[in-house]
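Undergrad: What follows is a protein structure lacking sequence information:
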Ligand SMILES: Nc1ncnc2c1ncn2[C@@H]1O[C@H](COP(=O)(O)OP(=O)(O)OP(=O)(O)O)[C@@H](O)[C@H]1O
């Protein structure tokens, strides 16, 4: 972790149940997400990726430990203040686009601003749509847009408050390969295009090495714990790590002296 981290997870744990049925599904995890970096979180099914993302974004509360988001300790805020803070400091994109079908793209994108209790300023919503390459589809309703376009509207909606971090949980999960890669290029451009277009920081959960290879950094989870990371990843290097994580411990140590 360092001073450039826009999100810091400190000794974070998430447990479910109580007493004899209590299970720890995450942690303890110490991890930072750097500003200006596109990070992918990977790991086998059930390794805690979504739990980590939801805790980092303030959508779920940790059982112990701290989440410091853009300099604010989430635990220090009341529930109402935390919701208000989360709505402007973070954007969240899910696998399902979750657009309201009766609203136009522009009206869907404006929703987070309205939820935050303010009228969109002139051009604010259009700018977010332009950031995802949909400046000309502002008046379209979701059913007139392709799956990839709907997901880009969902990204614009997540960006409209100019959040410090954009979180995405399997954002390409419902898209075909080509459309998925287009969306990943949009996410990468949000981090790496200079000036106005830059959204700063993206943290994305995926289980697909090809998807993770679009990121600058890949963090691996196994059984709720950190299991290493890769910088400037290739799909092959990510797949190799994933295979090693999925290997039973007995196979990992095969050949080692007793
Ligand atoms: N509400 C809950 N109650 C009990 N256990 C839960 C709950 N939510 C998640 N879990 C468990 O926590 C563990 C981590 O779940 P999580 O969804 O974070 O994993 P994941 O790595 O995102 O999985 P996947 O890739 O399959 O989506 C899993 O074993 C899951 O069954």
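TA: Received it, and whenever you're ready, just let me know what you need. Predicted, not measured: the structure shown is a model, and the values here were computed from it.

Undergrad: Return the residues in contact with residue 176.
TA: Taking C-beta atoms under 8 Å, 6 or more residues apart in numbering as the definition of contact, the neighbours of residue 176 are residue 147. All C-beta spots, glycine's among them, are computed from the backbone N, C-alpha and C.

Undergrad: One more pass at 10 Å, please.
TA: Contacts for residue 176 (C-beta atoms under 10 Å, 6 or more residues apart in numbering) come out as 146, 147, 148, 182.

Undergrad: Check residue 235 too.
TA: Taking C-beta under 10 Å, 6+ apart, one finds 208, 209, 210, 211, 212, 213, 214 in contact with residue 235.

Undergrad: these two touch, right, the first one and residue 40?
TA: By that I understand residue 208. Yes - Residue 208 is within contact range of residue 40, at 9.3 Å (criterion: C-beta atoms under 10 Å).

Undergrad: Please enumerate the shared neighbours of those two.
TA: When contacts are counted by C-beta under 10 Å, 6+ apart, the set common to residue 208 and residue 40 consists of residue 238.

Undergrad: When those two are compared, which one has more neighbours?
TA: residue 40 (29 against 18; other C-beta atoms under 10 Å).

Undergrad: which SS class is the spatially closest residue to residue 64 that is not a sequence neighbour?
TA: Distances taken as C-beta to C-beta, 6 or more residues apart in numbering place residue 13 nearest to residue 64, at 4.8 Å, with adjacent residues excluded. Secondary structure of residue 13, reduced to three states by DSSP: H, G, I helix; E, B strand; the rest coil: strand.

Undergrad: Can you give me the separation between residue 13 and the ligand?
TA: Residue 13 is 12 Å from the ligand, where distance means C-beta to the nearest ligand atom, to the nearest Å.

Undergrad: For that residue, give me its contacts.
TA: By C-beta under 10 Å, 6+ apart, the contact set of residue 13 is 24, 25, 26, 27, 28, 29, 55, 62, 63, 64, 65, 224.

Undergrad: Separate out the buried members of those residues.
TA: Taking 16 or more other C-beta atoms under 10 Å as the criterion, what is buried in the contacts of residue 13 is 24, 25, 26, 27, 28, 29, 55, 62, 63, 65, 224.

Undergrad: The first one: helix or strand, and which one exactly?
TA: This means residue 24. Here residue 24 is covered by strand 23-34, with elements defined by DSSP states H and E.

Undergrad: Distance from the chain centre to that strand, please.
TA: Computed by C-alpha atoms, centre = their mean, to the nearest Å, the separation of strand 23-34 from the middle of its chain amounts to 15 Å.

Undergrad: same thing with stretch 157-173?
TA: A distance of 6 Å separates the C-alpha centroid of stretch 157-173 from that of its chain, computed with C-alpha atoms, centre = their mean.

Undergrad: before we move on, what about stretch 22-38?
TA: With C-alpha atoms, centre = their mean as the basis, the distance from the averaged C-alpha position of stretch 22-38 to the chain average is 12 Å.

Undergrad: Stretch 35-51 now?
TA: Per C-alpha atoms, centre = their mean, the centroid offset for stretch 35-51 relative to its chain is 8 Å.

Undergrad: average pLDDT for that stretch?
TA: The pLDDT scores in stretch 35-51 average 95.

Undergrad: Can you give me the end-to-end span of it?
TA: 21 Å (C-alpha to C-alpha, to the nearest Å).

Undergrad: buried set for it?
TA: 35, 37-44, 47-51.

Undergrad: Would you check which pair of those lies furthest apart?
TA: Put simply, by C-beta to C-beta the two of these set farthest apart are 35 and 44, 28.7 Å from each other.

Undergrad: Pick out the residue of the stretch 101-250 of the chain closest to the ligand.
TA: Of the stretch 101-250 of the chain, the residue with the smallest distance to the ligand, taken as C-beta to the nearest ligand atom, is residue 207 at 5.2 Å.
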